[in-house]
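Colleague: Build me a model from this:
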Amino acid sequence: MTEHASDLREAVRAGYAAAARKVAEGGTGCCGTGTAAEIDENFGAALYGADERDALPAEAVVASLGCGNPLAVADLHLGERVLDLGSGGGIDVLLSARRVGPTGKVYGLDMTEEMLALALANAERSGATNVEFLKGTIESVPLPAHTVDVVISNCVINLSTDKPAVFAEMFRVLAPGGRVGVSDVVADDRLTPDQRAERGDYVGCIAGALSFAEYRAGLEAVGFTGVEITPTHPVADGMHSAVIRAVKPAAATGR
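Modeller: The predicted structure follows:
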């Protein structure tokens, strides 16, 4: 990892650690800004249905920092195994746990100690017994190959400085026939990296976003098929929250 990439990762870690501490102290998390802020219509818990929010501890709801609701596209079923990349305070892990039921399993992966502590506390408050939180990075997932049926993520992949590694790890941990259902920020193809950076910073989920074409190419390069990228709402000029779907072919058993 280059020094610049290391600095960006530390900035992301510090920003989300601060958000977790604020929630633990009774405040709200950060919503795409990299700093503590009120939930707005483009990021955070406002993107979940009232029934979903009401079913969870308040601490999990206010800690939501995402740009969408990946469960709305992941189509989870009873008994499935799920991995949430960048699980934060645990909102998507806990909602997934309810959908896959006691015969299923949901893993939450986060690199931030403070977020992991918050997520564990939220899991205890909710009584979830089919969840496990892991410390690690989304570029190097601490799970064996073919462990899960579904990978979800909520506005986290854009924060990585090595997105090809993230896509490769998603492919590796999925069982053959497994699928991806994530929310992320995606840029119009016309925007250069510099133009994306003009619209927001890296920690705020803007500067590091891939374009639609880059996202599709990155997923297809590691072997995913059936890639669909659908914008849902704007988050900046030429920048969109989007849902991304992809499938690992059933015959893909080599990695």
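Colleague: Now do the helices in the stretch 151-255 of the chain.
Modeller: Using DSSP state H, counting those that start in this stretch, the helices of the stretch 151-255 of the chain run over 163-173, 193-198, 212-221.
Colleague: Grab the longest strand from the chain for me.
Modeller: Assignment by DSSP state E gives strand 174-187 as the longest strand of the chain.
Colleague: and the helices of the stretch 151-255 of the chain as JSON lines, adding mean neighbour count?
Modeller: All C-beta atoms are positioned from the backbone trio N, CA, C, and that covers glycine. Compiled in JSON lines, the helices of the stretch 151-255 of the chain are given as follows (neighbours: other CB atoms under 10 Å):
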{"stretch": "helix 163-173", "mean neighbour count": "21"}
{"stretch": "helix 193-198", "mean neighbour count": "15"}
{"stretch": "helix 212-221", "mean neighbour count": "17"}
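Colleague: For those, give me TSV that also has distance to R245 and mean pLDDT.
Modeller: Formatted as TSV, those follow (distance: least, CB to CB, whole Å; pLDDT from 0 to 100):
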stretch	distance to R245	mean pLDDT
helix 163-173	12	98
helix 193-198	23	92
helix 212-221	10	98
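Colleague: nearest to V243, of these?
Modeller: Across the helices of the stretch 151-255 of the chain, V243 has its closest neighbour in helix 212-221 (11.4 Å, CB to CB).
Colleague: Against A246, how distant is L174?
Modeller: Between L174 and A246 the computed distance is 10 Å (CB to CB, to the nearest Å).
Colleague: quick one: low-confidence ranges for the stretch 51-200 of the chain?
Modeller: Across the stretch 51-200 of the chain, residues meeting the criterion (pLDDT under 70) sit at 51-71, 73.
Colleague: in this structure, which spans are strands?
Modeller: Along the chain, counting by DSSP E, strands occupy 81-85, 105-110, 131-135, 148-154, 174-187, 210-211, 225-236, 239-247.
Colleague: With respect to A165, which of those lies nearest?
Modeller: For A165, the closest of those is strand 81-85, at 11.9 Å, according to CB to CB.
Colleague: The closest one packs against which elements?
Modeller: Applying 3 or more CB pairs under 8 Å, 6 or more residues apart in numbering; DSSP states H and E, we find strand 81-85 packed against helix 91-100, strand 105-110, strand 148-154, helix 163-173.
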